[in-house]
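A.B. asks: return a 3D structure for these sequence lines:
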Amino acid sequence: MNAGCLTIKELTDAVGGGLTPRMVRHYHQLGLLPQPVRSPSNYRLYTQKDVLRLQRIVALKQQGFQLNHIRNILEVEPEADTTVNLMGQLQQQYRAVMQQISQLRQTASALEGLLGRDRHCQIIQAEVLAQLKLLDVETQAGLGGLENLWSGLDAEIHTHSEVFTESLQRLLPDLSHRSEIEQHLISQLVLACGDVSLVSFVKLSRDAIAASREALSSGCEIVVDTQTVAAALDQTRLLHLGCRTETLIDNPHITTATEAEVAFWQHREWREKLPQVSRGCVLVVGYAPSVLVEVCEAIANQKIQPALVIGMPIGFSHAPAAKRQLMQQGIPFITVEGTLGGGALAATALNALVESLIDKPDCHCYLK
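C.D. replies: Have a look, this model is predicted:
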């Protein structure tokens with residue numbers, strides 16, 4: 001065995017991250033990892049250079065990059081592997097991914113247009129599906145027929161109000177492994193943004209539902225980042241529970257995420273309000289990533305002890321990072337991974353919890 005070289009098992013142990021010999025062989029087949037030299041006994045022999053390359057592959061994969069995108073990133077020559085070149089390549093990858101998402105979104109919208117019909121539309125829906133099988137969409141006349149089919153479906157919207165629950169039953173993935181209260185929460189979040197794919201990004205700690213019900217039942221303080229979020233809360237139900245609302249960025253003229261983010265940084269008095277929140281409160285962050293970052297830091301330093309944090313700020317870099325920090329704090333949380341979020345979603349999450357508590361005070365399904 002060559003001195004300083006690693007076997008495939010030693011390589012995977014050195015890299016870590018759940019890497020297995022089978023995955024290494026797969027990366028060889030894909031061209032992600034160069035074929036290694038062989039020992040006289042035909043063992044694969046790896047060097048420190050292979051360790052570093054695999055660590056990059058594992059790190060990029062953990063961040064959500066697909067293997068074909070990782071290969072393109074790693075194809076940059078070492079001498080040309082500057083920040084500018086790498087950023088340019090990542091931008092190209094991002095645009096390609098967004099184009100694919102856009103195309104898939106169009107397909108999903110077409111499917112939603114058929115599957116998301118309530119019972120009042122099912123008669124015309126059956127007719128459309130029958131005609132769709134016979135439609136020749138290869139010709140211009142066929143495309144015109146397709147437009148007529150959609151027009152027929154759309155005409156039904158004038159005959160009745162939309163039954164959202166029936167549409168969601170057909171569109172939502174299987175949520176039977178979640179409690180009834182969680183299902184209600186997720187359904188309300190999907191309705192608030194009109195995007196079923198949100199389900200995959202909604203993250204709750206195991207104790208989030210229990211913590212929210214205990215805190216709200218005791219008439220806890222609700223602390224929000226902006227008045228826009230406060231305005232979207234169900235104040236009637238909160239008043240019924242004895243919960244009062246406190247706003248950190250207490251300026252009615254601040255209505256956007258950009259304004260909230262800048263204002264929270266510039267005004268010390270709003271940052272100084274955070275350590276003053278009551279123990280056992282529910283924190284709702286829907287706009288400023290900096291607020292959630294400050295919340296996480298205050299929790300880590302034991303300056304505040306909220307019962308629950310609903311963290312859904314908007315942003316492309318700070319917001320995802322702040323949400324990751326939130327999920328590592330060891331406290332009850334509800335968040336939406338990545339860049340998705342906003343005041344409407346954050347308020348909807350709290351409103352759904354409040355609604356289910358009042359409507360089903362004796363429900364204990366979430367404890368299973």
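
A.B. asks: most distant residue from the middle of the chain?
C.D. replies: The C-alpha centroid of the chain is most remote from Pro40, which lies 50.2 Å away (Cα atoms, centre = their mean).

A.B. asks: tell me which helix or strand comes right after whatever helix or strand Leu185 lives in.
C.D. replies: Per DSSP states H and E, Leu185 falls inside helix 180-193. Using DSSP H and E, the helix or strand that follows helix 180-193 towards the C-terminus is strand 202-204.

A.B. asks: distance from that next one to the middle of the chain?
C.D. replies: 8 Å (Cα atoms, centre = their mean, to the nearest Å).

A.B. asks: so what secondary structure elements neighbour it?
C.D. replies: helix 180-193, strand 333-336 (3 or more Cβ pairs under 8 Å, 6 or more residues apart in numbering; DSSP states H and E). C-beta: built from backbone N, CA, C; applies to glycine.

A.B. asks: reformat the ones you listed as CSV; add mean pLDDT, mean neighbour count and distance to Val309.
C.D. replies: Conversion of these to CSV gives the following (pLDDT from 0 to 100; neighbours: other Cβ atoms under 10 Å; distance: least, Cβ to Cβ, whole Å):
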stretch, mean pLDDT, mean neighbour count, distance to Val309
helix 180-193, 94, 20, 15
strand 333-336, 98, 26, 5
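
A.B. asks: name the SS class of the closest residue to Ala192 other than its chain neighbours, please.
C.D. replies: Closest residue in space to Ala192, ignoring its immediate chain neighbours: Thr348 at 4.2 Å, by Cβ to Cβ, 6 or more residues apart in numbering. Under DSSP: H, G, I helix; E, B strand; the rest coil, the three-state class of Thr348 is helix.

A.B. asks: contacts only, for Thr348.
C.D. replies: Gln188, Leu189, Leu191, Ala192, Ala232 (Cβ atoms under 8 Å, 6 or more residues apart in numbering).

A.B. asks: try it again with 6 Å
C.D. replies: Contacts of Thr348 were listed using Cβ atoms under 6 Å, 6 or more residues apart in numbering, and they are Gln188, Leu189, Ala192.

A.B. asks: which pLDDT value belongs to the residue farthest from the centre of the chain?
C.D. replies: Model confidence at Pro40, given as pLDDT, is 84.

A.B. asks: secondary structure element for it?
C.D. replies: Here Pro40 is assigned to no helix or strand, by DSSP H and E.

A.B. asks: and Val309, by the same measure?
C.D. replies: Counting by DSSP H and E, Val309 is found in strand 308-311.

A.B. asks: quick one: strands adjacent to that strand?
C.D. replies: When pairing is defined by DSSP bridges, strand 308-311 lines up against strand 282-285 (parallel), strand 333-336 (parallel).

A.B. asks: buried residues in the first one, which are they?
C.D. replies: This means strand 282-285. The neighbour-count check on strand 282-285 (16 or more other Cβ atoms under 10 Å) flags Val282, Leu283, Val284, Val285 as buried.

A.B. asks: list the contacts of Lys303.
C.D. replies: Pro275.

A.B. asks: assumed it was part of a strand.
C.D. replies: No - assigned with three-state DSSP, Lys303 falls outside any strand and is coil.

A.B. asks: any idea how far it is from Glu221?
C.D. replies: 16 Å (Cβ to Cβ, to the nearest Å).

A.B. asks: swap in Gly311?
C.D. replies: Here the criterion is Cβ to Cβ. By it, Gly311 lies 17 Å from Glu221.

A.B. asks: again with Gln100
C.D. replies: Per Cβ to Cβ, Gln100 is found 45 Å from Glu221.

A.B. asks: which one of these two is surrounded by more residues?
C.D. replies: Between Gln100 and Glu221, Glu221 has the larger neighbour count (other Cβ atoms under 10 Å), namely 18 against 10.

A.B. asks: which residue packs closest to the more buried one, ignoring adjacent ones?
C.D. replies: Once flanking residues are discounted, Glu221 sits nearest to Cys281: 4.2 Å by Cβ to Cβ, 6+ apart.
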